[in-house]
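Colleague: Following is a predicted model, sequence given first.
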Amino acid sequence: MKIYWIDLFCGAGGTSTGIHFSKTNSTVLACVNHDVNAIASHELNHPKTIHFTEDIRDFRVVEKLKVIVDEVRKNEPNAIINLWASLECTNFSKAKGGQSRDADSRTLAEHMFMYLKAISPDYFYVENVREFMAWGSLDANGKPISKDKGKDYEKWVKRVISYQYNYDYRLFNAADFGAYQSRERLFIQFAKNDLPISWPQQTHVKENKLKKTTGLKKWKAVKEVLQLDNEGESIFNRKKNLSENTLKRIYAGLIKFVANGENSFTKRYNGGKVNPEQKVNSLNKPMGTILTKCTHAIVKSVFIKKYFSGRPMGKVISINEPAGTITTVGGQALVSASHLSTYYNNFGLHSIENPSPTITTKDRVTKIDVNFLDEQYGKGSARSIDLPAGTITTVPKFNLVKLKTTNYILNPSWGGNNSSVEKPCCTIVARQDKAPLYLVKINEEPCFLMEIENFFTTHDYIFLEDLENNTFGPHLEKSIRIKIVEFMFLYGISDIKMRMLNIEELKQIQGFPIDYKLIGTKTQQKKYIGNAVEVGQATVIVESNYNALLSKISA
């Protein structure tokens, strides 16, 4: 049995690559996209596919595709023809926030009917965001009318069904199928009345649900595809200082990952004692550890910082978890913090041991690496921590206990959360140029190496001078810059470094092979990655469809 696919809105090839990787007798027959560089990228990786650099609303494209499909059916009457449409989601997505919607973009689904009529595919697949099901009328200002929520979607579905199709849908998180990214998307199947509809079975699960489920694996850690040795640039010695919001999110990550939350930080800040047992990070917690060699037994942690609006504490994700959704706007910063293992436990943020948050088309993930010394002295022996990168041991120099590296991802995308590299990455979106993802490293030297002269503002120096002279007044407020440096002194942190996640990392988070070829500027390439369907998600859906058809034939 041979299956031919037509990939509409193909972009640089997420769906097509997923089909190519599937264990099926499938071929991507043709694809359509309006972006020249996206099609050029697709053609480099899928040279046997027929490529159309056209607007899908152009009926001439439909006519050309009909000729191709008619020829296939003439030569292979038993072949299955599948149509896949990853409709533009920008003007449906919640990431649009309170902004007005493009009414024309929201009606692209209406143009699918000329394809259904001309080609009459055996299966019609649609991929979009959850909010596509809320498609309804807009008011004069381009805002959705609440009372009409979902009405246009229901009408559209009924009209597709009228072409002799059965209908079903699923909301899938790519991390549940082994992706390095936590990316929820809506998948719709329309199948001709005599054909089966099948969906893939979940293979992975979030760690806190692992014990309740049988036969499932733990979510993949995004740290597996991060280049943690690439530390980045110090946040203190930059030509252009980081914004207040970025600094607030870095500070939030320090408190949550380094200080083990607001309560633990407050105790330490106020001089209170913390039970040593509460200072050891569990391997079962979101933030895991990786092997680090140095005389101070440093452990690294990486977090992903988000630049989107919202409370800073809610924007930190461990790299032990899936990354958040990769968007078209750069917004995730991978933060690698080398810090004391005794200070971390019960992390509620996103770890690099889990899939990344969804990758967007904008750069929004920053890697931050934090290294610092344990200030506590004692006789306690070090604990070995077995991780994919190796085992961490302590060095009994000056009775220092082992240090840990905290890895988490900063994602500035709207509504996103900072996450640990122990989890899947956040969703990748297309606009990676406005708010890139960053990697931050904190050095372990017991002295301060960063240059703070240009880091502090005039307001900061006035505050510090008044504090020193005991003339501090209520009119002055401690800035986020002072809070960060104060935190560093408290925990023996010498520096914080940060860099954007690179194209190789983003490609792998989105499921592409590292050698996948992309054309265009770095900004364009990141946009194509964020716009793509997560490759592995497409693969399992295609395989499920194929196996269901084989079962029907053999029955």
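Modeller: Perfect, I can see it now. Numbers count the residues shown, from 1 in each chain.
Colleague: contacting residues for Met1?
Modeller: Asn25, Asn78, Ile80, Tyr546, Leu549, Leu550, Ile553 (C-beta atoms under 8 Å, 6 or more residues apart in numbering). C-beta: built from backbone N, CA, C; applies to glycine.
Colleague: and it, how far is that from Asn545?
Modeller: Counting by C-beta to C-beta, to the nearest Å, the gap between Met1 and Asn545 amounts to 11 Å.
Colleague: Mind listing what's buried along stretch 208-216?
Modeller: Of the residues in stretch 208-216, those buried by neighbour count under the rule 16 or more other C-beta atoms under 10 Å are Leu216.
Colleague: Pull the residues that contact it.
Modeller: When contacts are defined by C-beta under 8 Å, 6+ apart, stretch 208-216 is touched by residues Gln202, Thr203, His204, Val205, Lys218.
Colleague: Among the residues you listed, which one has the most neighbours?
Modeller: Within the contacts of stretch 208-216, neighbour counts (other C-beta atoms under 10 Å) peak at His204, which reaches 22 neighbours.
Colleague: so that one bridges to which residues?
Modeller: In this structure, His204 has the following beta-bridge partners (DSSP bridges): Lys217.
Colleague: got a list of what it touches?
Modeller: His204 neighbours (C-beta under 8 Å, 6+ apart): Ala175, Asp176, Phe177, Gly178, Leu216, Lys217, Lys218, Trp219, Lys220.
Colleague: before we move on, what about Ile480?
Modeller: When contacts are counted by C-beta under 8 Å, 6+ apart, Ile480 is found next to Glu244, Leu247, Lys248, Tyr251.
Colleague: now it: how far from Ile255?
Modeller: Computed as C-beta to C-beta, the Ile480 to Ile255 distance reads 12 Å.
Colleague: Show me just the buried residues among the contacts of Met1.
Modeller: Buried members of the contacts of Met1, scored by 16+ other C-beta under 10 Å, are Ile80, Tyr546, Leu549.
Colleague: Dump these into CSV; add distance to Ile493, pLDDT and secondary structure as well.
Modeller: Conversion of the buried ones among the contacts of Met1 to CSV gives the following (distance: C-beta to C-beta, whole Å; pLDDT from 0 to 100; DSSP: H, G, I helix; E, B strand; the rest coil):
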residue, distance to Ile493, pLDDT, secondary structure
Ile80, 59, 97, strand
Tyr546, 53, 97, helix
Leu549, 58, 95, helix
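Colleague: returning to what we had before: in JSON lines, list the contacts of stretch 208-216 along with distance to Asn128 and pLDDT.
Modeller: JSON lines is the format used below for the contacts of stretch 208-216 (distance: C-beta to C-beta, whole Å; pLDDT from 0 to 100):
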{"residue": "Gln202", "distance to Asn128": "20", "pLDDT": "96"}
{"residue": "Thr203", "distance to Asn128": "23", "pLDDT": "96"}
{"residue": "His204", "distance to Asn128": "23", "pLDDT": "95"}
{"residue": "Val205", "distance to Asn128": "24", "pLDDT": "93"}
{"residue": "Lys218", "distance to Asn128": "28", "pLDDT": "92"}
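Colleague: just these now: which is nearest Gly492?
Modeller: Distances from the contacts of stretch 208-216 to Gly492 were compared by C-beta to C-beta; the smallest belongs to Lys218, at 32.5 Å.
Colleague: if I read this right, the closest one contacts Gly178, doesn't it?
Modeller: No: the pair formed by Lys218 and Gly178 falls short of the contact definition of C-beta atoms under 8 Å, at 10.4 Å.
Colleague: how about the helices in the chain?
Modeller: Assignment of helices within the chain using DSSP state H yields the ranges 14-21, 36-45, 59-75, 103-106, 113-119, 151-161, 244-253, 262-269, 458-468, 480-491, 503-509, 522-531, 535-554.
Colleague: To Leu8, which of those lies closest?
Modeller: The closest approach between Leu8 and any of the helices of the chain, judged by C-beta to C-beta, belongs to helix 113-119 at 7.4 Å.
Colleague: all strands of the stretch 51-200 of the chain, in order?
Modeller: 80-85, 123-128, 165-173, 184-192 (DSSP state E, counting those that start in this stretch).
Colleague: Could you list the low-confidence segments of this structure?
Modeller: 89-106, 260-419, 430-451, 472-476 (pLDDT under 70).
Colleague: related to what we said a few turns ago, identify the contacts common to Met1 and Asn545.
Modeller: The overlap between the contact sets of Met1 and Asn545 (C-beta under 8 Å, 6+ apart) is empty.
Colleague: Please save the CA atoms from stretch 22-42 in CSV.
Modeller: Output for stretch 22-42, consisting of C-alpha atoms alone and laid out as CSV, is shown next (Å, rounded to 0.1, in the frame of the first residue of the first chain):
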residue,chain,number,x,y,z
SER,A,22,8.0,7.4,9.5
LYS,A,23,8.2,3.6,9.0
THR,A,24,5.6,3.7,6.3
ASN,A,25,5.4,3.4,2.5
SER,A,26,4.8,7.1,2.2
THR,A,27,6.0,9.8,-0.1
VAL,A,28,5.6,13.6,0.0
LEU,A,29,4.2,14.1,-3.5
ALA,A,30,4.0,17.9,-3.5
CYS,A,31,4.2,20.9,-1.1
VAL,A,32,3.0,24.5,-1.2
ASN,A,33,4.3,27.6,0.6
HIS,A,34,4.6,31.3,-0.3
ASP,A,35,8.0,31.9,1.3
VAL,A,36,10.9,31.6,-1.2
ASN,A,37,13.6,30.7,1.3
ALA,A,38,11.3,28.3,3.2
ILE,A,39,10.6,26.4,-0.1
ALA,A,40,14.3,26.5,-0.9
SER,A,41,15.1,25.0,2.5
HIS,A,42,12.4,22.3,2.0
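Colleague: buried sites along that stretch?
Modeller: Applying a neighbour-count criterion of 16+ other C-beta under 10 Å, one finds 22, 24, 26-33, 35, 37-42 buried in stretch 22-42.
Colleague: Looking at the buried ones among the contacts of Met1, which one is closest to Phe463?
Modeller: Looking at these and their distance to Phe463, the nearest is Tyr546, at 65.5 Å (C-beta to C-beta).
Colleague: Now do the contacts for the closest residue in space to the closest one that isn't next to it in sequence.
Modeller: The spatially closest residue to Tyr546, leaving aside those adjacent along the chain, is Thr24, at 3.9 Å (C-beta to C-beta, 6 or more residues apart in numbering). With contacts defined as C-beta under 8 Å, 6+ apart, the neighbours of Thr24 are Ile3, Val542, Glu543, Tyr546.
Colleague: Greatest separation within those: which pair is it?
Modeller: Using C-beta to C-beta, the pair of those lying farthest apart is Ile3 and Glu543, separated by 10.8 Å.
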